[in-house]
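[1] sequence unknown, structure follows:
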Ligand SMILES: Nc1ncnc2c1ncn2[C@@H]1O[C@H](COP(=O)(O)OP(=O)(O)OP(=O)(O)O)[C@@H](O)[C@H]1O
């Protein structure tokens, strides 16, 4: 079967400010199938964001290989959407202009269909009434919704999301998780989702990659057998609660290598 994302023997070393090497990732192998939803969880600093930067081409590996659609990744690709922890909006543009900005940046113009799609996405994230506001007139959570809408504008095949809901309040966070499931259902994509929330990972994912602390390695890959479509009832499913407990134990207990 063709993989959409292949990470083979991936090692990433950085140089810290005092010049000493920091091994962020060591020997990471991971293969994602088409339209799979995979979450990465693990302790702070275990290299989750580094994996997303490597897949996106924002960073090149110290050793090992990153392939997307079987092509080595050598630079950022157009068919990958990115959502970061922070919204990264341009403060001088309106909300609507921020969403269509990637099109203006790439093609020098924004077509009426881009604008219509941006408006659709704004409605989806509940911000139709804010399309002409500037980002600093919105709350942090609202700004993050705008950046999620922006990442979806060109309907990318791959979506890389780095704790996209961590800035949102708990209710909005649940709502956004279900919205993301709905979007993913309607327009399937291969998603790599970084989160610190075991519940969020379980609710969303086909597989959960549990990473170990520095140097970051893949400690376990867990299949999530919960039926789709998932909804509020999923959260009360005994399989969900049992798996959440098991993963919590796995993440928080120190296991000797
Ligand atoms: N540009 C860099 N220069 C030096 N060290 C870096 C750089 N980028 C990341 N690191 C280090 O690599 C390690 C992995 O960082 P990364 O941000 O990928 O972890 P993470 O699992 O996403 O963390 P968190 O959950 O806290 O967001 C950390 O020790 C970090 O300090």
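    Noted; the coordinates are in hand. All values reported here derive from a predicted model rather than from experimental measurement.
[2] got the residues of this structure near the ligand?
    Counting by C-beta under 6 Å from any ligand atom, the residues of the chain close to the ligand are 14, 16, 22, 24, 44, 45, 46, 47, 48, 49, 50, 214. C-beta: built from backbone N, CA, C; applies to glycine.
[3] Least confident of those residues?
    Across the set of the residues of the chain next to the ligand, residue 214 stands lowest in pLDDT, at 78.
[4] Name the nearest residue to it, ignoring sequence neighbours.
    residue 45 (5.8 Å; C-beta to C-beta, 6 or more residues apart in numbering).
[5] Without its sequence neighbours, what residue ends up closest to residue 219?
    Nearest one to residue 219, counting by C-beta to C-beta, 6+ apart, is residue 212 at 4.2 Å.
[6] pLDDT score for the one you found?
    On the pLDDT scale, residue 212 gets 92.
[7] Quick one: residues contacting residue 61.
    10, 11, 12, 54 (C-beta atoms under 8 Å, 6 or more residues apart in numbering).
[8] hmm, back to that, now go through the residues of the chain next to the ligand and say which are in helices.
    Using DSSP state H, the members of those that fall in helices are 48, 49, 50.
[9] How many residues are close by the closest residue to residue 36 other than its chain neighbours?
    Nearest non-adjacent residue to residue 36, counting by C-beta to C-beta, 6+ apart: residue 206, 5.1 Å away. Using other C-beta atoms under 10 Å, residue 206 is surrounded by 17 other residues.
[10] pretty sure residue 206 is touching residue 224, no?
    Yes: shown here, residue 206 and residue 224 form a contact pair, counting by C-beta atoms under 8 Å, at 6.0 Å.
[11] before we move on, the earlier item: farthest-separated two in the residues of the chain next to the ligand?
    16 and 48 (18.5 Å; C-beta to C-beta).
[12] Neighbour count for those two, which is higher?
    residue 48 (25 against 8).
[13] picking up where we left off before, so which of the ones in helices among the residues of the chain next to the ligand comes closest to residue 198?
    residue 48 (13.8 Å).
[14] Contacts for the helix or strand hosting residue 177 next, please.
    Using DSSP states H and E, residue 177 sits within helix 170-186. Helix 170-186 is contacted from outside by 37, 124-125, 141, 145, 148, 152, 164-165, 168, 191, 200, 203-204, 228-232, using C-beta under 8 Å, 6+ apart.
[15] Mind checking what helix or strand follows it in sequence?
    strand 190-194.
[16] now the angle from that next one to helix 170-186?
    160 degrees (axes from the mean of the first three to the mean of the last three C-alpha atoms, to 10 degrees).
[17] where exactly do the strands run in the stretch 151-257 of the chain?
    With DSSP state E, counting those that start in this stretch as the criterion, the stretch 151-257 of the chain has strands at 158-162, 190-194, 207-212, 217-223.
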